[in-house]
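> Would you be able to build a 3D model of this:
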Amino acid sequence: YLEFTQEGKAYIYKTARAPHEVKFNLLSSILDKVFNGSSLDLVESLVKHEALSREDRREILLLIEKMDANQTKDDEAE
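Have a look, this model is predicted:
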């Protein structure tokens, strides 16, 4: 996740990948290893353990509605 260059005795570190790429890769690994690939189990775990605030839940619902609307548009275009 990091790259470095050496300048004298010092090491200069910088990110090797974009943050969104790192997050996706880590979450994919957790999803596979902990939840056996089930996104539903992951979300259910977050909801049941009250790890999502009211605002988080509202944003997730809006995101799902937007995804559904885009899917409907794609289906109509076919």
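> so where does Val43 fall, helix or strand?
Of the helices and strands defined by DSSP states H and E, Val43 is found in helix 39-48.
> which residues sit against that helix?
30-31, 34-35, 51-52, 57 (CB atoms under 8 Å, 6 or more residues apart in numbering). Quick note: C-beta positions are derived from backbone N, CA and C, even for glycine.
> same deal with stretch 9-19?
Looking at what lies outside stretch 9-19 - CB under 8 Å, 6+ apart - the contacts are 1-6, 22, 25.
> what about 10 Å?
Residues lying outside stretch 9-19 but in contact with it, judged by CB atoms under 10 Å, 6 or more residues apart in numbering, are 1-6, 21-25.
> what's near enough to touch the spatially most central residue of the chain?
The central residue of the chain, meaning the one whose C-alpha is nearest the mean C-alpha position (CA atoms, centre = their mean), is Phe24 at 4.7 Å. With CB under 10 Å, 6+ apart as the criterion, the residues that contact Phe24 are 17-18.
> how about stretch 47-58: buried residues?
Applying a neighbour-count criterion of 16 or more other CB atoms under 10 Å, stretch 47-58 contains no buried positions.
> now the angle from the lengthiest helix in the chain to helix 39-48?
The residue-count maximum for a helix in the chain (DSSP state H) belongs to helix 54-77. Orientation check (axes from the mean of the first three to the mean of the last three CA atoms, to 10 degrees): helix 54-77 against helix 39-48 gives 150 degrees.
> ok, and what's touching helix 54-77?
Contact partners of helix 54-77, identified using CB under 10 Å, 6+ apart, comprise 43, 46-47, 52-53.
> before we move on, the earlier item: min pLDDT across the contacts of helix 39-48, which one?
For those, the weakest pLDDT value sits at Ala51, with 77.
> Let me know the helix or strand that it is in.
Residue-wise, Ala51 maps onto no helix or strand under DSSP H and E.
> What is the burial count for Gly8?
Look at Gly8: counted by other CB atoms under 10 Å, it has 5 neighbours.
> Need the pLDDT of it.
Predicted confidence (pLDDT) for Gly8: 95.
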